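**Q** Structure of the sequence below:
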Amino acid sequence: MIDWSALETAAPTPDTLAAVSAALRSADPHVRDTLAYEQLCRWAPLLTPEQRLALGDEMAERLSDPEIQARTFAPLVLAELADLGAHRPAWLDAFAHWYPAESDLRGWDGELGWLHAVAHGADYLAALGRGPLLADPTPLLELAAARLLAPTDHVLDAMEDDRLGLALAQILARPDLTERQALGWLDPIAAQPPRRPSATSGGVPAVVSNTLRTLRMLHVLADRGVRMERGADPVPLPHSAALRERIAGILVVNSPFTG
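**A** Predicted structure coming up:
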């Protein structure tokens, strides 16, 4: 039994770190989210480089866990570690295997609480993409596109699309991006056949709806700039005009109100 109140001011030990990490798998949303995750966030800056790498290895392995809540909270910890400069290519490999393939896209569950696979994965993409850990962020952008195009019948309903749009904007704000890098990841999205609702086709498929709403958020951020952290001033995207034009072209052909 973990004495959570004692941990708030305690330094992490191997045993307590293992116990809190295990609690991040809990089906109890209070234990998992409010207690375990927040405690790991408090401890992360105090961990040694070796402890951070070991924790990241554990989270990467957890992306293949049979429990949905275990899988979806692992990227949040990986994001926290990335913000502290900890990264292994194997973590991104494990994430790339999981993120587009995850089929349980529920934002909120009445018993399990927040699951948020798309949003939590977006946080990890953003943490990797806005910092210096990867010289080329193109694979991150391509992973976001793969997630959007992955087959699903679930319409994102807890603003996961906005969170993914934010992650994309933060990656695209990197000043070292070429225009080709900023636009190329949109090619497979643009190649999809247009889908507009009609009397014969029925409603818009979930994949199309999720993708268009994510791109609308990205278009806004490309126009207005994106905050790299809460409270900071927005920064411009270096290829904003070309990006907005490319996104607008995708949105127009999928809208029944543009001609």
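
**Q** measure the closest residue to His219 other than its chain neighbours to Pro139 for me?
**A** Excluding the flanking residues, the one nearest His219 by CB to CB, 6 or more residues apart in numbering is Ile247, at 4.7 Å. The way it works is simple: take the backbone N, C-alpha and C, and place the C-beta from them, glycine included. Per CB to CB, to the nearest Å, Ile247 is found 20 Å from Pro139.

**Q** out of those two, which sits in the more crowded spot?
**A** Under the criterion of other CB atoms under 10 Å, the comparison of Ile247 against Pro139 puts Ile247 first, with 23 against 16.

**Q** List the buried residues in the least confident helix or strand in the chain by mean pLDDT.
**A** Within the chain, confidence by mean pLDDT, DSSP states H and E is lowest for helix 4-7 among all helices and strands, at a mean of 91. Within helix 4-7, the residues scored as buried using 16 or more other CB atoms under 10 Å are Leu7.

**Q** right, and the helix or strand after it?
**A** Per DSSP states H and E, the first helix or strand lying C-terminal to helix 4-7 is helix 14-23.

**Q** Skip ahead from that next one and say which helix or strand is next.
**A** Next along the chain after helix 14-23, taking DSSP H and E as the criterion, comes helix 29.

**Q** any idea how far that following helix is from the chain center?
**A** Mean-position distance between helix 29 and its chain equals 20 Å (CA atoms, centre = their mean, to the nearest Å).

**Q** State the mean pLDDT of that helix.
**A** Taken as a whole, helix 29 has a mean pLDDT of 98.

**Q** for the stretch 101-250 of the chain, what are the low-confidence residue spans?
**A** 197-202 (pLDDT under 70).

**Q** go with 90
**A** Low-confidence segments of the stretch 101-250 of the chain, defined by pLDDT under 90: 193-204.

**Q** Which parts of it are helices?
**A** Counting by DSSP state H, counting those that start in this stretch, the stretch 101-250 of the chain has helices at residues 117-130, 138-149, 160-172, 179-184, 187-190, 206-224, 240-253.

**Q** list the helices and strands the shortest one packs on?
**A** Here helix 187-190 is seen to pack against helix 138-149, helix 240-253 when contacts are counted using 3 or more CB pairs under 8 Å, 6 or more residues apart in numbering; DSSP states H and E.

**Q** same thing but at 7 Å, please
**A** When contacts are defined as 3 or more CB pairs under 7 Å, 6 or more residues apart in numbering; DSSP states H and E, helix 187-190 packs onto helix 138-149.

**Q** Then the fourth one?
**A** Packing partners of helix 179-184 (3+ CB pairs under 7 Å, 6+ apart): helix 240-253.

**Q** buried sites along the helix it packs on?
**A** Buried, per 16+ other CB under 10 Å, within helix 240-253: 240, 243-244, 246-247, 250.

**Q** can the residues you listed go into CSV with extra columns for distance to Glu160?
**A** CSV is the format used below for these (distance: CB to CB, whole Å):
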residue, distance to Glu160
Ser240, 24
Leu243, 21
Arg244, 22
Arg246, 22
Ile247, 18
Ile250, 19
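
**Q** Can you tell me which of these is nearest Ile171?
**A** Set against Ile171, the nearest of the buried residues of helix 240-253 by CB to CB is Leu243 (11.6 Å).

**Q** show me what contacts the nearest residue to that closest one once chain neighbours are set aside?
**A** Closest residue in space to Leu243, ignoring its immediate chain neighbours: Ala222 at 4.9 Å, by CB to CB, 6+ apart. For Ala222, the contact set (CB atoms under 7 Å, 6 or more residues apart in numbering) comprises 169, 237, 240, 243-244.
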